[in-house]
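> Below is the structure, and that's it, no one-letter string:
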């Protein structure tokens, strides 16, 4: 019997009525002869409620205790789903991460999965039971509960699927797949039937919120076929799903050779740009600027250092917009003086637009087509960064939607 | 350094503001040089909310899954209290029952504690940390979460205190101790400074809701001095508490020799009485009646079998009122025919009133004083049951408060 892992998000688990629908869908797969492991998220709003309580007690709650608290949301979900399945005649059993065990490293609130014991789960599956495992969490060597960070249930699902050598991991969510770009911005956006792992990785890291990036990494490391699909439709027959629904993250690049050069356009509204100017151009300067930023736990994305002129250079980087004030404070309080920079300026109203596609590797001219399209719309490019399969530009946030629509059209993405 | 265990109920943990107050109280004890272990309940209403969700999915949810769900309430509490303590500069660490571990038997929703590992907790205490342990729950041999039933956090606290050989277990609650009877019924009711373990056991089993009965059993088995006191007062200095507050469950009967013969009057409004009449008086009849009742998981309290007349007898017993209909169904569907009884009648409007006191052992005339008092008030006694230190009577529920007040006065309890 083939084993399939289902993951359901917080919206799908948002009420007992919705949990009953999830149970029906899971039961349908089980009826069709599959072994099923389900990884549900906490009921929507629950994790925020729990973390909110902790924040009422302390601005910087202890991460170990935060994990103790936040992990309960998923524990409630697995128990409720087991009961819902039993109520429609299925044998079901739930496990918390520590019970499986899902072993993680020692970090709290952003732990990484190290290994998964599959003994208990396999025994239950072989006994005909549906197994339900908490997403988002595991246990470390000390026996402390750890959580994997926001979206961690996706990662749990893919990791469990990999550990159990599942045939496929189905991520049921409130969208019906991965689109060429956000349909709310470009009405012609088109659902992709397949996307390569590398493209998905770029899309996820570039702000496409469909899948948590670490779940995509896991899928890649273990070559686990992972499908994103809607939990809002009626339960379909499994075969119909496979044929018609969602987006499959695939690991066979060949299948893409006939496809378009560009797979998707990702964007992130909430960027902020900081420039340190008049910096003496000497070794170690990047570390002296970015070290304190990293110490403040601020993620840096794009980084550019200009050619120096008369021994001075400018250094520009981007941070998430909600970290902008903190980053500016870090630089103004000490760093600027320490490195003898002339000044620090910032702009919190910038956005990033990226075109992604493995086809880029074998096609020239993608970058020039992109820059030409933006120029025709009068959009100034502030920063550029590239990888083998993506090109990102930073632009004024007010042009973001225009840029996405223009690029979507220029690359003919609505009808490929 | 002396070790003290604190237990806080759901009302004391009912909001982040109240959790801050609990933290202050705990910190005050820690400042005074005590090692402190805290066992908090779930925030008030939380366990009911969680069980309510499960009941929306199934009338008879799987007990294992119920435990999975219900145990999260306490897990949130311990994390929040740890954060609240850290916010006022204390080192604190929380543990779920399975982390300690608190090992239980295999029953779900009413598990019994088998053993407690004290290694982790002692290590943390010796390092100066305040240790916070989830009440109400443990883990069984399979690694499944179990819960101890309603009020189970009291039991957890006393069991933890016993395992750690604590000096005293303090049960902080929303009343300031154990009273001679319910002050809402008798305004002259008086707080008892001490009560013996056996009296407390009778009071708890007779419906005095202050402490869960199994926590009292634990206190007795391990001779753990346990004190019930209010969490609503300002934090007192530990010594003031010992001298003036709450009610201490003691194990030294001597201290009671000079005290009153009657310690308290307990009552339970919600009783129901069932009589099976015209039953052939032959061996095994009690089992044939009560066996099916026990199989239906209904607790039976008082039992009376009349002297038989012409080979026929009547058999009467009491059950909790909310089990009355179920018990009547069990008897009407089969049992009555099977034992060839003439009929089954029930009365769901009866209450039980009990006088309790170790002093009874050495005093005669308590029973007759009790019966005389009730007779003077025109209250008919329907059933009587006695133990070494208590006398219980079943009466029409409409006379219950009158009976309690009259007995409280007759035994001079307001001023002993």
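Cool, the structure landed. The structure displayed is predicted, hence computed values, not measured ones.
> so what does the host helix or strand of residue A:28 touch, helix or strand wise?
Using DSSP states H and E, residue A:28 maps to helix A:16-31. Applying 3 or more CB pairs under 8 Å, 6 or more residues apart in numbering or on different chains; DSSP states H and E, one finds that helix A:16-31 contacts strand A:3-8, strand A:35-40, helix A:72-87, strand A:130-133, helix B:46-57. From N, CA and C alone the C-beta is placed, and that goes for glycine too.
> can you give me the strands for the stretch 201-350 of chain A?
A:226-230, A:247-250, A:264-280, A:303-305, A:312-320, A:343-356 (DSSP state E, counting those that start in this stretch).
> could I get those as a markdown table with mean neighbour count and mean pLDDT?
Output for the strands of the stretch 201-350 of chain A, formatted as a markdown table (neighbours: other CB atoms under 10 Å in any protein chain shown; pLDDT from 0 to 100):
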| stretch | mean neighbour count | mean pLDDT |
| --- | --- | --- |
| strand A:226-230 | 23 | 89 |
| strand A:247-250 | 24 | 87 |
| strand A:264-280 | 21 | 90 |
| strand A:303-305 | 15 | 81 |
| strand A:312-320 | 20 | 89 |
| strand A:343-356 | 21 | 92 |
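> Which one, of these, ends up nearest to chain B?
strand A:226-230 (22.9 Å; CB to the nearest CB).
> Show residues contacting that closest one.
A:158, A:161, A:168-178, A:210-211, A:215-216, A:219, A:241, A:245-249 (CB atoms under 8 Å, 6 or more residues apart in numbering or on different chains).
> Then stretch A:396-408?
A:180-182, A:185-186, A:188-189, A:265, A:267, A:269, A:271, A:349-351, A:353, A:355, A:370, A:373-374, A:376-377, A:379-380, A:382, A:393, A:395, A:414.
> So, low pLDDT: which residues of the stretch 101-250 of chain A?
A:205-209, A:235-236, A:239-243 (pLDDT under 70).
> ok, back up a step: derive a ChimeraX selection command for the buried subset of the contacts of strand A:226-230.
In ChimeraX, this line selects whichever of the contacts of strand A:226-230 come out buried by 16 or more other CB atoms under 10 Å in any protein chain shown:
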select /A:158,161,168,169,170,171,172,173,175,176,177,178,210,211,215,216,219,241,245,246,247,248,249
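> among the contacts of strand A:226-230, which are in helices?
A:158, A:161, A:215-216, A:219, A:241 (DSSP state H).
> Closest one of the residues you listed to chain B?
For those, the nearest to chain B is residue A:161 (22.3 Å; CB to the nearest CB).
> thought the closest one was touching residue A:224?
Yes - applying CB atoms under 8 Å, one finds residue A:161 in contact with residue A:224, separated by 5.2 Å.
> Write out the residues of chain A neighbouring chain B.
A:16, A:19-20, A:50, A:53-54, A:56-58, A:61-62, A:64-66, A:68-69, A:71-72, A:75-76, A:78-80, A:82-84, A:86-87, A:93-94, A:96, A:98-99, A:143-145 (CB under 8 Å from any CB of the partner chain).
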